[in-house]
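K.L.:
what's the 3D shape of this:
(one chain, ligands or ions: 1)
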Amino acid sequence: MSGFPSLIGSQSTRSAGRPNVLFITVDDLRPELGCYGNRVVKTPNIDRLAESGVTFTRAYCQQALCNPSRASLLTGLRPDTVKVWDLRVHFRETVPEVVTLPQLFRKNGYRAEAYGKIFHNDMPDRKSWDIPNVFPQTSRLYSKGTLEHLDYLILKARAEGLGEDYIKAHVRGPATEIEDCRDEDRWDGEITNLAVRALYRLADAREPFFLAVGYIQPHLPFVAPKEYWDLYDPQAIPEAVNPYPPKNALMISLNANDELRDYEDFAETPAPWKGRLPEEKRRRLKHGYYAGVSFVDAQIGRLLGFLDRLGQAENTIVVFLGDNGFKLGEHGAWSKMTNFEDDTRCPLIIRAPGIAGNSRTASGLVEFVDLYPTLCGLAGLPRPDTLQGVTLGSLLEEPDRAGKDAVFSQFFRRHVSAPLMGYSVRTMTHRFVEWRYMDTGNVFGEELYDEVRDPHENVNIGDIPENRKVIEDLRTVLRRTCPVRPRRGPALIAAQSSDLRVELELINELGEEVTVYEIDADGARHWVHDLLSGEQMVIDTFLTHPYVVESLSGEFHKVCYADYPRRRVVLQR
Ligand SMILES: [Ca+2]
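P.N.:
Take a look at the predicted model:
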């Protein structure tokens, strides 16, 4: 490609020889795939991709939840730096000027387009793409009848006085549905159609492309078309071997199955420490997950088939990943949202043209925060010096090399009234988790798991005196990457309703620029203004609406409220 004649001037000179990127994300997909050794699930297309790329068997997301995981991997920043730990905060409110991975490719002459869920659902990022993120329009989540039923549930919730935000987050239809329909009648089928159409156009364009395709199955609800359910006998899908909470674990180490309980037919799901779903329901869920995985596998097969047919496969880097893991009954739990292996370990396959490691497996530890620098390296783009990961280039060339010494994940948990953050370090031999109070940084509790003798993480051995040295060492490693410092957690501060109009005057005497955010009733931040050093502003607001002023480094952080009729706040150290 590098010798390609320059027919179209500077544009083609800029892009000559640059490989395309096909960036495929799958929602809530754990490594439940043939190429990861599962002999029951049917994933021939992803397995074929693995045969031609490098399969990472120890890749970890930085936080096992859609929005934080994606915000982190697409900015190349760890969750504490991007300051997105939940589903409410958009990274543009916390790091407004960050250059995302696709945005960096755009800046370097690529055309970047997104189809389906790349950033979190309702938080697409306009700056990242040449056209707005395209979402399915004609397909449906459920069958028509079930959608009508869901409408009824929503009307009922409104009549009961539940707020729209609550309804949007928690009123769901059934957790599974089997309808005999076409692929394109479901979101992921339509996403493939849209992406294939884009691929035709992008393959002909003069600039290289960064095409992101985000699939939504096997996220709940499990709604693959019937033909994918028919691939499996639910009785033949093995159940989790450890359907109980880990021994001696802190209760907060597990989530309470809240996500599953939002679905009307699983509202009675017990928390892991209180009981277990009946077998029929367990098998139904696992069957649905497998159907979703095979459905998405078929979509990926189509997509890669078109990449081939259009003659682009030889010049396209393919990245395939699941944004977080998922528990299918392990620890008596369902869904993600913990620091455990089942939730933090994710599938990752990278196939880059001409890479020596293609078709092999890399079993060293890697992190999703490494993807950004890796793709910069593969495409020969300059990388921002703020990135917190490392390039996996040498592992792609020599997959047998050792990976990282340690990888890090974290999870936020509300505990009584105090928000906690569990910071996890995972090495080849152990996982150590330090739970800290967010507001003070003080330690709430610790966990230690032996990944060699206890790969399912069934026993917390943090209390055993002989492990004191291991814990001390891991704590040091953890605190180097995740330093102890007080942090403002999600929804720690939220607006109360008020009709009283007031003014808040802010005067910046800090000697550095700060960003002012308004906090809404959900605790989500909304960017208001960048207040330069020496600058002053007046905000017309309501009495009980909080504002957060933060320096770029995050070191200065102050929450301000107005007072009647006006409050003057001088920002000083
Ligand atoms: Ca997810």
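
K.L.:
check contacts around L150.
P.N.:
Listed by C-beta atoms under 8 Å, 6 or more residues apart in numbering, the contact partners of L150 are Y142, V171, R172, G173. Quick note: C-beta positions are derived from backbone N, CA and C, even for glycine.

K.L.:
In terms of pLDDT, where does it sit?
P.N.:
Looking at L150, its pLDDT stands at 95.

K.L.:
on that earlier part again, out of the contacts of L150, who's nearest the ion?
P.N.:
Proximity of those to the ion was ranked by C-beta to the ion; the top entry is R172 with 15.6 Å.

K.L.:
burial measure for the closest one, as a count.
P.N.:
Burial measure for R172: 22 neighbouring residues, criterion other C-beta atoms under 10 Å.

K.L.:
In this model D265 seems to touch it, though I could be wrong.
P.N.:
No - applying C-beta atoms under 8 Å, one finds R172 not in contact with D265, separated by 9.4 Å.

K.L.:
Flag every buried residue along stretch 134-154.
P.N.:
Taking 16 or more other C-beta atoms under 10 Å as the basis for neighbour counts, the residues of stretch 134-154 that come out buried are V134, F135, P136, S139, R140, L141, Y142, S143, T146, L150, I154.

K.L.:
Tabulate those residues (TSV), appending distance to M421 and secondary structure.
P.N.:
Compiled in TSV, those are given as follows (distance: C-beta to C-beta, whole Å; DSSP: H, G, I helix; E, B strand; the rest coil):
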residue	distance to M421	secondary structure
V134	35	strand
F135	32	coil
P136	35	coil
S139	38	coil
R140	38	strand
L141	32	coil
Y142	36	coil
S143	40	coil
T146	37	helix
L150	34	helix
I154	33	helix
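
K.L.:
what's the pLDDT at the most centrally placed residue in the chain?
P.N.:
Nearest residue to the geometric centre of the chain (C-alpha atoms, centre = their mean): S69, 2.6 Å. As predicted, S69 sits at a pLDDT of 98.

K.L.:
Distance of the residue in the stretch 201-350 of the chain that the ion sits nearest to relative to F295?
P.N.:
Using C-beta to the ion, D323 is the residue of the stretch 201-350 of the chain that sits closest to the ion, at 4.2 Å. Between D323 and F295 the distance, using C-beta to C-beta, to the nearest Å, works out to 17 Å.

K.L.:
Next up, the contacts around the closest residue to D180 other than its chain neighbours.
P.N.:
For D180, ignoring the flanking residues on the chain, the nearest one in space by C-beta to C-beta, 6 or more residues apart in numbering is K226 at 4.3 Å. For K226, the set of contacting residues under the criterion of C-beta under 8 Å, 6+ apart consists of I178, E179, D180, C181.

K.L.:
ok, 10 Å please
P.N.:
E177, I178, E179, D180, C181, A291 (C-beta atoms under 10 Å, 6 or more residues apart in numbering).

K.L.:
From the contact counts, what lies against the longest helix seen in the chain?
P.N.:
Ranked by residue count and defined by DSSP state H, the top helix of the chain is helix 279-309. In terms of contacts (3 or more C-beta pairs under 10 Å, 6 or more residues apart in numbering; DSSP states H and E), helix 279-309 is packed against strand 20-26, helix 44-52, helix 187-204, strand 209-215, helix 226-229, strand 316-322, strand 327-328, strand 334-335.

K.L.:
wait, which of the ones you listed is closest to R111?
P.N.:
Nearest to R111, of all those, is strand 209-215, at 5.0 Å by C-beta to C-beta.

K.L.:
coming back round to it: please say which of D323 and F295 ends up with more neighbours.
P.N.:
D323 (28 against 24).

K.L.:
Now do the residue of the stretch 201-350 of the chain closest to the ion, the pLDDT please.
P.N.:
At D323, the pLDDT value in this model is 98.

K.L.:
Find the nearest non-adjacent residue to it, please.
P.N.:
Excluding its sequence neighbours, the residue lying closest to D323 (C-beta to C-beta, 6+ apart) is S69, at 4.7 Å.

K.L.:
Show me what counts as buried in the host helix or strand of E446.
P.N.:
Under the assignment given by DSSP states H and E, the secondary-structure element containing E446 is strand 443-450. Burial within strand 443-450, assessed by neighbour count using 16+ other C-beta under 10 Å, is assigned to F444, G445, E446, E447, L448, Y449, D450.

K.L.:
May I have the strands that pair with that strand, each with its orientation?
P.N.:
Paired strands of strand 443-450, with direction, are strand 430-437 (antiparallel) (DSSP bridges).

K.L.:
Output the partner strand as PDB, nothing but the C-alphas.
P.N.:
Output in PDB follows, covering the C-alpha atoms of strand 430-437 (Å, rounded to 0.1, in the frame of the first residue of the first chain):
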ATOM      1  CA  HIS A 430      -3.600 -13.700  43.100                       C
ATOM      2  CA  ARG A 431      -6.300 -11.200  43.200                       C
ATOM      3  CA  PHE A 432      -6.300  -8.600  46.000                       C
ATOM      4  CA  VAL A 433      -9.100  -6.200  46.500                       C
ATOM      5  CA  GLU A 434      -9.000  -3.200  48.800                       C
ATOM      6  CA  TRP A 435     -12.400  -1.600  49.600                       C
ATOM      7  CA  ARG A 436     -12.100   2.100  50.500                       C
ATOM      8  CA  TYR A 437     -14.500   4.700  51.600                       C
END
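
K.L.:
Off-centre distance for it?
P.N.:
Per C-alpha atoms, centre = their mean, to the nearest Å, the displacement of strand 430-437 from the mean C-alpha position of its chain is 20 Å.

K.L.:
Over to stretch 82-100?
P.N.:
Its chain's C-alpha centre and that of stretch 82-100 lie 12 Å apart, by C-alpha atoms, centre = their mean.

K.L.:
rounded to a whole number, what's the mean pLDDT of that stretch?
P.N.:
Looking at stretch 82-100 alone, the average pLDDT works out to 86.

K.L.:
Quick check: buried residues in it?
P.N.:
Quick answer for stretch 82-100 (16+ other C-beta under 10 Å): 82-95, 98-100.

K.L.:
and the two most separated of the contacts of L150?
P.N.:
In the contacts of L150, two members sit farther apart than any others by C-beta to C-beta. They are Y142 and V171, at 13.5 Å.

K.L.:
Which one of the residues in this structure is closest to the ion?
P.N.:
C66 (3.7 Å).

K.L.:
Local confidence estimate at the closest residue in space to that residue that isn't next to it in sequence?
P.N.:
Setting aside the residues directly before and after it, C66 is nearest to H120 in space (C-beta to C-beta, 6+ apart), at 5.1 Å. Predicted confidence (pLDDT) at H120: the value is 86.
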